[in-house]
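Enquirer: How does the following fold in three dimensions:
(chains A, B and C, ligands or ions: 2)
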Amino acid sequence: MSKITKQDVEYVAGLAQLRLDEAAKERLVREMGDILAYMDQLNELDTSNVEPMMHAMEMTNVFRQDVVKPSLPREEALMNAPVHDGEYFIVPRILEGDAS
Amino acid sequence: MEFEAVVGMEVHVEINSKSKVFCGCSADFHAGPNTNVCPVCLGMPGVLPVLNVDMVNKSVAVGLALNCAISRWSKLDRKNYFYPDMAKNYQISQYDLPLCQNGWIEIDLDGQTKRIGITRAHIEEDTARNTHTIAGNQSGVDFNRSGVALLEIVTEPDIRSAKEAFAYLTALKQLLQYLDVSDCNMEEGSLRAEANISVRPVGQEQFGTKTEVKNVASFSGVFKAIEFEIARHIKLINSGGKVVQETRGWDADRGITVPQRLKESAHDYRYFPEPDLVPIVVDEAWEQRIRESLPELPAARRSRMGTQYGLSAYDANVITLSQDTANYYERVVAVGADAKKAANWLMGELQALLSAAKQEITDCRVTPADLAALIGLIDSGAINGKMAKDIIAEMFETGKAPQDIVKEQGLSQITDTGAIEDIIRKVLADNPAQVGQFRSGKEQVFGFLVGQVMRATQGKANPALLNDLLRRELSRQEN
Amino acid sequence: MTTPLYKKTVREIRDAVRSGALTAVEVTEAHLARIADVDPKVDAFTQIWTDEALAQAAAVDAKVKQGIDPGPLAGVPVGVKELICTRTGKTTCASKILENFRSPYDATIIQKLDAAGAVFLGKVNMDEFAMGSSTERSTIKTTKNPWNLKCVPGGSSGGSAAAISADECAIALGSDTGGSIRQPAALCGCVGIKPTYGRVSRFGLVAFASSLDQIGPLTKNVEDAALSLNTLCGRDPRDATSADLPVPDFTKALTGDVKGLRIGLPKEYFTEALNAEMREKVEAAVDVFKSGGAEIVPVSLPHTDYAIATYYIICTAEASANLARFDGVRYGYRNPAAKTVEEMYVLSKSEAFGPEVRRRIMLGTYVLSSGYYDAYYLKAQKVRRLIKKDFDDAFEKCDFVMGPTSPIPTFEFGAKTENPLEMYLADIYTISVNLATLPGISIPCGLTASGLPAGLQLIGRPFGEETLLRAAHCYEQTSGTTLGDPPIA
Ligand SMILES: [Mg+2]
Ligand SMILES: [Zn+2]
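Expert: Ligands and ions are numbered 1, 2, ... in the order given. All right, here's what the predicted structure looks like:
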């Protein structure tokens, strides 16, 4: 039995903005299921008194001063854009509530 | 059934740091599209954010002013969602450990105060702006605003009406302006408010189903949107329907809220600690430094000025609404003007002139010293109130000192008893009918006669003296 | 007897160029010729910057002529991994999604190397977005192992390792998230060091897993690695996670002896998972250290078995966010058929990310999603702390830990692409080092019977690179195990 269902795969693909065909979904159910089952071995460990390692470096308070630095010339900002009009990055029309 | 509304507010405030929160680009997002952008705020591959310390200082200042506890240790997190105005398709924000927590602010409701709880205030970054004016079925994206420092302030569900929400926003904006951390311009989006609204039968403890209203561009819009939602919820429930938990947009043109279609997964933000930034540790010394640098805040200033200058609660409220007005007022009084008169002139004539000209007090050409001088001229009897109104209009227009205007226009008040008496005699002679009416007990006619004398002096007579002399003359002639 | 120019080490090249005995242009030309000669077989380079490289070299020579210091890496030819941002050429991450991406900025380390007088020959191949251990996941080309062209060079910095092994450049920049410098270095028979997390700026390194990624050099020998680190390390104000520590002259650590050093051998690294021949090589290396006066101490890293699960939760979670920016708005591939914003996202991503990248995005999204964060991501962060503590405990007893770099030598193309989990298991010795943020170096320790390189890994305390370099250098000088030339050309 897999850790993960086709519905789970579809939900996650929605979050990640990926489109999967049926074959890909089935393969991912299997592969992710195997990997997640492997990951479950972590449950063998009692970590109730362990602080999660939230940051790789044990540093705090690294800041920059509020100083304005030169920005990019607009041509360079836009030069990699798949579509632009010389001023704006152009995307398909954004509808209110398009956020997903 | 009687219902009560339960409202919580989320306000996003653009902090006025010179540079953006995670890169050195200018935070001025009104520049030409995509000119204040760099690899960092464009979310280019390989870039890393570095936190602007000014944002931390200002956020702590706001937190302290909102009576919040400042977190000794806090961190930044990634909030993941896709949107074309998101440079990285995640927003750097704060999730479970915000910089400021558990505060409150007092709001004013027709002279009564009420405390609104502040759940949290946290650091995040603003998004780019979309423009829909691009031809065809397309939108344009301008990343100038991407990465501008944003403070999100969230209240407890303590607000009970649209009016209270309006008062909250007013108090919050006043506080932020006192702290000089934002220009709070709602039309330009530097202050953006969202409301979570639900209703419940009075006496019921449990909250009703809430809706979230976004896209409101003014305080009055917030007021109207909340009123609309409350009425909509009540109507729905009364007609046997159910409120659906959803996000709704405010359509200002039609004056209604409309549902925004969102996917069910839209709120699965998959927050996790931002690995590119290290934790923020604000120790007691740092907090204390910021506390000591705070200006006098609105509530404190209101009460101090009320006591110090003997102002009514109403006057103190109006004068301290903006720090600039309060500063102006205190300068007028500092050079010797009578406190009550200064308040009247400031809130009356000067405010009217400012409003008509759409000017701020900081741009006003009437200096505090000149306003004090004007009041002094009235007090000394050199001019009367009527003349003073004309003079202040001239001062407002030209920036001239009142003494100079008086001199230039020969406006000094007639205080020569003999001269006024001559005119009085002439006026009484010219108006025998009215004199007769007065003598038969019609006291109101006295005012008419005063007016005639005043007109004959072109308004220059000292009003108190004129009154005196007129009464004396009337009684003398009678005997 | 003259060694060909392309065989020269970093030390030899920079000394000769600085003294005027060789010109940087001569060195560059020799390496470009070598690339023209062997790269058609090896396929390490993805871009060759002939004109720019010769111009850079000429600028170095001009400085030498004018008596201006040309820098500590004057004329040293460098290959740059495809995920390090350069204004020159493209930065593709070996992915279709960035196949035309031109970075508008140089990574901090590129600026530093340029200022040090290094010459960039071009870019080298890798697994797409550094996700892989064989470089087979590149969408550009298939890089071969110079020791056996039927075999993989390892990965993800497979192009870097193959380029060094085939003498195409003197320094190849790699990045290491779970072994991506050390494992290909081991499989190709060269030296590769992953510095301590925070040692080298990540600004301009396209992120795979931000809390694990670190840039490092692959070189022909240990001294060259030390010379490279002298330039690469140091605090960068553009990287908030870069350590504010002074950078020593790493070459001063190369004393040539290991007397008194305590070397920890973790019992968990010598199990059945370790290929017998590899074990033999590592044990022989242990004897070399012993006879050099080092003390061998048994240590235990009890959470070793949990490292792979921990690693794949953390790295996929971070990657799922890091790779979200490739949406076809500001740069990168956009499917021209997309009519709506959502289509722009899904069609572009689904088409232009390879299967391994998509799989990791899916996994990472899953472990962060509502209801699973605590069970996977938070749990992994806790176990990560336990893994780090294992090392802290071990370093109470020893100065560094030693073992194999990879449980197996290189393997044939396609041998491990079918089962992703099996491929993940090959990283068993390297990923703990990233989880614990430690420095690790892989150096060659002989050839197997079939002529394939074996790698020895030394793992140090945080910021303990000097001890690792000292020990690795001493081994290199005293072991007598030189690999010789790979059987190409
Ligand atoms: Mg927010
Ligand atoms: Zn920027």
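Enquirer: Can you mark which positions in the worst-scoring helix or strand of chain C on mean pLDDT are buried?
Expert: Lowest by mean pLDDT, DSSP states H and E among the helices and strands of chain C is helix C:420-425, with a mean of 74. Buried residues in helix C:420-425, defined by neighbour count with 16 or more other Cβ atoms under 10 Å in any protein chain shown: C:420, C:423-424. (C-beta placed from N, C-alpha, C; glycine too.)
Enquirer: Grab the CA positions of the top strand by length along chain B and hand them over as CSV.
Expert: Identified as the longest strand of chain B according to DSSP state E is strand B:112-125. Extracted C-alpha coordinates of strand B:112-125, given in CSV (Å, rounded to 0.1, in the frame of the first residue of the first chain):
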residue,chain,number,x,y,z
GLN,B,112,-15.4,57.2,24.6
THR,B,113,-12.2,55.2,24.3
LYS,B,114,-12.1,51.5,23.5
ARG,B,115,-9.1,49.2,23.4
ILE,B,116,-8.5,47.1,20.3
GLY,B,117,-6.1,44.2,20.7
ILE,B,118,-3.1,43.8,18.4
THR,B,119,-2.3,40.2,17.7
ARG,B,120,0.9,40.8,15.9
ALA,B,121,3.0,43.0,13.6
HIS,B,122,5.5,41.4,11.3
ILE,B,123,8.1,42.1,8.7
GLU,B,124,7.5,41.2,5.0
GLU,B,125,8.2,42.4,1.5
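Enquirer: Rounded mean pLDDT for that strand, please.
Expert: Strand B:112-125 carries an average pLDDT of 97.
Enquirer: Stretch A:64-79 vs chain C: in contact?
Expert: Yes. Using Cβ under 8 Å from any Cβ of the partner chain, stretch A:64-79 reaches chain C at A:64, A:72, A:76-77, A:79.
Enquirer: From these, keep the buried residues only.
Expert: If we count by 16+ other Cβ under 10 Å, these have these buried: A:64, A:72, A:76-77.
Enquirer: Looking at those residues, spot the one nearest C:Met278.
Expert: Among these, A:Arg64 lies closest to C:Met278 (Cβ to Cβ), at 46.6 Å.
Enquirer: Was I right to think that closest one contacts B:Leu48?
Expert: No. Counting by Cβ atoms under 8 Å, A:Arg64 sits too far from B:Leu48 to count as a contact (11.2 Å).
Enquirer: re the thing from before, which other helices and strands contact the least confident helix or strand of chain C?
Expert: Helix C:420-425 sits against helix A:22-39, helix C:307-322, with contacts defined as 3 or more Cβ pairs under 8 Å, 6 or more residues apart in numbering or on different chains; DSSP states H and E.
Enquirer: What lies in contact with whatever helix or strand comes next after it?
Expert: Following helix C:420-425 in sequence order, the next helix or strand is helix C:431-435 (DSSP states H and E). Defining contact as Cβ atoms under 8 Å, 6 or more residues apart in numbering or on different chains, one finds that helix C:431-435 is touched by C:176-179, C:182, C:194, C:197, C:212, C:214, C:301, C:304, C:307-308, C:310-311, C:314, C:384, C:387-388, C:390-391, C:439-440, C:457, C:459.
Enquirer: Figure out the helix or strand that the residue nearest the centre of chain B lives in.
Expert: For chain B, the residue nearest the mean C-alpha position is B:Gln174 (5.2 Å; Cα atoms, centre = their mean). According to DSSP H and E, B:Gln174 maps onto helix B:162-179.
Enquirer: what does that helix rub up against?
Expert: Contacts with helix B:162-179, where a contact means Cβ under 8 Å, 6+ apart, come from B:7, B:9, B:11, B:13, B:58, B:61-62, B:65-66, B:105-109, B:114, B:116, B:153, B:155, B:159, B:182, B:184, B:191, B:193, B:195, B:219-220, B:222-224, B:226-227, B:230, B:294-298, B:321-323.
Enquirer: May I see the ChimeraX selection of the buried members of the residues you listed?
Expert: Buried residues within the contacts of helix B:162-179, by 16+ other Cβ under 10 Å, are selected in ChimeraX with:
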select /B:7,9,11,13,58,61,62,65,66,105,107,108,114,116,153,155,159,182,184,191,193,195,219,222,223,224,226,227,230,297,298,321,322,323
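Enquirer: Mark which of the contacts of helix B:162-179 are part of helices, please.
Expert: B:58, B:61-62, B:65, B:219-220, B:222-224, B:226-227, B:230, B:298, B:323 (DSSP state H).
Enquirer: can I get these in TSV with pLDDT?
Expert: Below are those laid out as TSV (pLDDT from 0 to 100):
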residue	pLDDT
B:Lys58	98
B:Ala61	98
B:Val62	98
B:Ala65	98
B:Phe219	92
B:Ser220	92
B:Val222	95
B:Phe223	96
B:Lys224	96
B:Ile226	97
B:Glu227	97
B:Ile230	97
B:Pro298	95
B:Gln323	91
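Enquirer: Out of those residues, flag the one nearest to chain A.
Expert: Nearest to chain A among those: B:Lys58, at 9.6 Å, using Cβ to the nearest Cβ.
Enquirer: For chain B, tell me which of the residues of stretch A:64-79 next to chain C show up nearby.
Expert: Among the residues of stretch A:64-79 next to chain C, chain B is touched by A:64, A:72, A:77 when using Cβ under 8 Å from any Cβ.
Enquirer: okay if I get those as CSV plus pLDDT and secondary structure?
Expert: Listed next are those as CSV, based on pLDDT from 0 to 100; DSSP: H, G, I helix; E, B strand; the rest coil:
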residue, pLDDT, secondary structure
A:Arg64, 98, strand
A:Leu72, 98, coil
A:Ala77, 98, helix
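Enquirer: coming back round to it: so what touches the least confident helix or strand of chain C?
Expert: Helix C:420-425 has contacts (Cβ under 8 Å, 6+ apart) with A:31, A:34-35, A:38, C:132-134, C:273, C:308, C:312, C:356, C:359, C:416-417.
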